[in-house]
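>>> what follows is a predicted protein model with its sequence.
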Amino acid sequence: MNILFLGDVVAESGRDTVVNTLATIKQQYEIDFTIVNAENSAHGKGITQKIYQELINAGADVITLGNHAFAKKEIISSFDQCPFMIRPANMEPLDVGNSVIIREIDDLHIAVINLLGNVFMIPSTTGPIEVMEELLKEIDADIIIVDLHGEATSEKILFAEYFADKVTAIFGTHTHVQTADERIIRGCSFITDVGMCGPYDSVLGRDIGELISHVIKHQPTIYMPAKGPCIINGCVVKIDETSCRAVSIERIKLFPNA
């Protein structure tokens, strides 16, 4: 079984690129199951029900989120209309949406979990390790996949080493910068950060000129996502369907006009 995970989709440019290329990527890598982190898909912060549906229609099986999950307040009232979307388990409001989803593919039950890191991530409540231990007591699935949305590299690596024997794949998200540390840890695939699907000429998907004005020249600005050709960052994990353990992980890095 081949599982595709695409990193943080950023704003209109990023989501249009994902919508237009996802089918081709899935065909090329013979993908059976697709997860997309879309917490920045609505103007760089948050998601809407309309965008959720666009990504599902394009071929995503599960949508994960992060610290900007509720940046667009409308999603709070419409979360129940997004059945294949999950939000971090350790982020308020805790009573909106689900943080675990289980889907059946080829007679295997795949659980996807969304968690928020604790280091430098102000919205988090309980730490991800404590929350994960409680979630594992309730989950009955053949394959368990985690999107750990966090800032600190060390926190993500520690999480992976601690849970490698109990889960099948751990994908780090949030920094928008793809790391080159993909590995298999005792049958669990891991990467510190998958990267982003967003404008290549940008600062993590944000307009360069606007940030220069704001950070360097100390001028008042509005949050402005960059536009233009996008990079696609993701990972493909191959899972042995008998053992339900990961056997390989491959980074995807598609530059504009590649």
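Structure's in. What do you need?

>>> ok so Thr21 is a helix residue?
Yes. Assignment of Thr21 by DSSP: H, G, I helix; E, B strand; the rest coil places it within a helix.

>>> and the helices in the stretch 1-150 of the chain?
11-28, 49-58, 74-78, 128-136 (DSSP state H, counting those that start in this stretch).

>>> any chance of those in a markdown table, plus distance to His109, mean neighbour count and mean pLDDT?
From N, CA and C alone the C-beta is placed, and that goes for glycine too. Output for the helices of the stretch 1-150 of the chain, formatted as a markdown table (distance: least, C-beta to C-beta, whole Å; neighbours: other C-beta atoms under 10 Å; pLDDT from 0 to 100):
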| stretch | distance to His109 | mean neighbour count | mean pLDDT |
| --- | --- | --- | --- |
| helix 11-28 | 21 | 18 | 96 |
| helix 49-58 | 20 | 17 | 98 |
| helix 74-78 | 27 | 15 | 94 |
| helix 128-136 | 14 | 17 | 96 |
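
>>> distance to Leu254 for the ones you listed - can I get that in a markdown table?
A markdown table is the format used below for the helices of the stretch 1-150 of the chain (distance: least, C-beta to C-beta, whole Å):
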| stretch | distance to Leu254 |
| --- | --- |
| helix 11-28 | 7 |
| helix 49-58 | 16 |
| helix 74-78 | 28 |
| helix 128-136 | 29 |
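
>>> tell me which of the ones you listed lies nearest to Arg251.
helix 11-28 (12.9 Å; C-beta to C-beta).

>>> got the angle between the closest one and helix 49-58?
20 degrees (axes from the mean of the first three to the mean of the last three C-alpha atoms, to 10 degrees).

>>> contacts for helix 11-28, please.
The contact list for helix 11-28, computed with C-beta atoms under 8 Å, 6 or more residues apart in numbering, reads 4, 6, 9, 31, 34, 36, 38, 40-44, 51, 54-55, 58-60, 196-199, 205, 225-230, 232, 234, 252, 254.

>>> which residues does the most centrally placed residue in the chain contact?
The centroid of the chain falls nearest to Asn37 when counting by C-alpha atoms, centre = their mean (3.0 Å). Remark: with contacts taken as C-beta under 8 Å, 6+ apart, Asn37 is in contact with 5-9, 63-66, 147, 149, 171, 173, 194.

>>> just these: which are in strands?
Taking DSSP state E as the definition of strands, the contacts of Asn37 contribute Phe5, Leu6, Asp8, Val9, Ile63, Thr64, Asp147, His149, Phe171, Thr173.

>>> got those as TSV, with pLDDT, distance to Glu155 and neighbour count columns?
Supplementary listing: those in TSV, determined by pLDDT from 0 to 100; distance: C-beta to C-beta, whole Å; neighbours: other C-beta atoms under 10 Å:
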residue	pLDDT	distance to Glu155	neighbour count
Phe5	98	19	27
Leu6	98	22	29
Asp8	97	17	30
Val9	98	23	30
Ile63	98	23	28
Thr64	98	17	31
Asp147	98	14	30
His149	97	11	31
Phe171	98	14	30
Thr173	98	13	28
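
>>> surely Val96 touches Glu74?
No. Val96 lies out of contact with Glu74 (C-beta atoms under 8 Å); the separation is 11.9 Å.

>>> Leu65: what's it in contact with?
Counted by C-beta under 8 Å, 6+ apart, Leu65 has contacts Asn37, Ala38, Glu39, Ile47, Met85, Ile86, Arg87, Pro88, Asn114, His149.

>>> dig out what the fifth one forms beta bridges with.
For Met85, the beta-bridge partners are Ile63 (DSSP bridges).

>>> which among the contacts of helix 11-28 end up buried?
4, 6, 9, 31, 34, 36, 38, 40-44, 51, 54-55, 58-60, 196-199, 205, 225-226, 230, 232, 234, 252, 254 (16 or more other C-beta atoms under 10 Å).
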